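Enquirer: Generate a structure from the sequence data that follows.
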Amino acid sequence: MDIPADVQNQIAQFQQLQQQLQMIMMQKQQFETQMKEFEKAIEEMAKSESDEVFKMAGGILIKRNKDEVKIELEEKLETLGIRVATFAKQEEKMQKRYEELQETLQRALENTQ
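Expert: All right, here's what the predicted structure looks like:
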C-alpha cells in the first residue's frame with residue numbers, strides 16, 4: 001500500500017508533535033518534583049527550633065541562617081511555579097493539536113485504503 005506524500009508528511013508531523021509533547025510533560029514533571037522537594041524543605045525548617053540550617057552547596061554542607069534559606073527556597077518555589085504553569089499551558093495546546101492531527105491522520109489513512 002502506497003501512502004500519499006501529504007499523508008506521510010502528516011505522519012511525520014504527528015510523530016514530531018508526539019515527541020515534543022512528551023518532552024514538555026517530562027520537564028513539567030521534573031519541575032513539579034523540585035517544587036515538592038522545596039515545599040518539604042520549607043515545612044521541615046518550620047518544625048526546627050534552631051535559627052540555623054545546613055544547606056548543600058557544591059558537595060559540602062554549609063551552615064546558614066534559616067530565614068535566609070527559607071526566603072531563597074520560597075523564591076525558587078515561585079519561579080518553578082511560573083515554569084510549571086507555562087509548561088501546563090504549552091501541554092494543553094499541544095495536546096489539543098495532537099488530538100486534531102490524530103483525527104485528521106485517521107481519516108486520511110482510512111481514505112487511502
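
Enquirer: drop to CA atoms for contacts and neighbour counts, all remaining ones
Expert: Noted.

Enquirer: tally of neighbours for residue 87?
Expert: Per other CA atoms under 10 Å, the neighbour tally for residue 87 reads 19.

Enquirer: residue contacts, it?
Expert: 24-25, 27-28 (CA atoms under 8 Å, 6 or more residues apart in numbering).

Enquirer: Buried ones among those residues?
Expert: 24-25, 28 (16 or more other CA atoms under 10 Å).

Enquirer: in this protein, what spans have low per-residue confidence?
Expert: The chain contains residues with pLDDT under 70 at 1.

Enquirer: And the helices in it?
Expert: For the chain, the helices defined by DSSP state H occupy 5-47, 66-112.

Enquirer: Would you mind putting the ones you listed into TSV with distance to residue 55 alongside?
Expert: Putting these into TSV (distance: least, CA to CA, whole Å) gives the following:
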stretch	distance to residue 55
helix 5-47	10
helix 66-112	8
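
Enquirer: Can you tell me which of those helices is nearest to residue 56?
Expert: helix 66-112 (11.1 Å; CA to CA).

Enquirer: so how far is the closest one off the chain centroid?
Expert: 6 Å (CA atoms, centre = their mean, to the nearest Å).

Enquirer: tell me the angle it makes with helix 5-47.
Expert: Going by axes from the mean of the first three to the mean of the last three CA atoms, to 10 degrees, helix 66-112 is angled at 160 degrees with respect to helix 5-47.

Enquirer: quick one: residue 95 and residue 20 touch, right?
Expert: No: applying CA atoms under 8 Å, one finds residue 95 not in contact with residue 20, separated by 10.2 Å.
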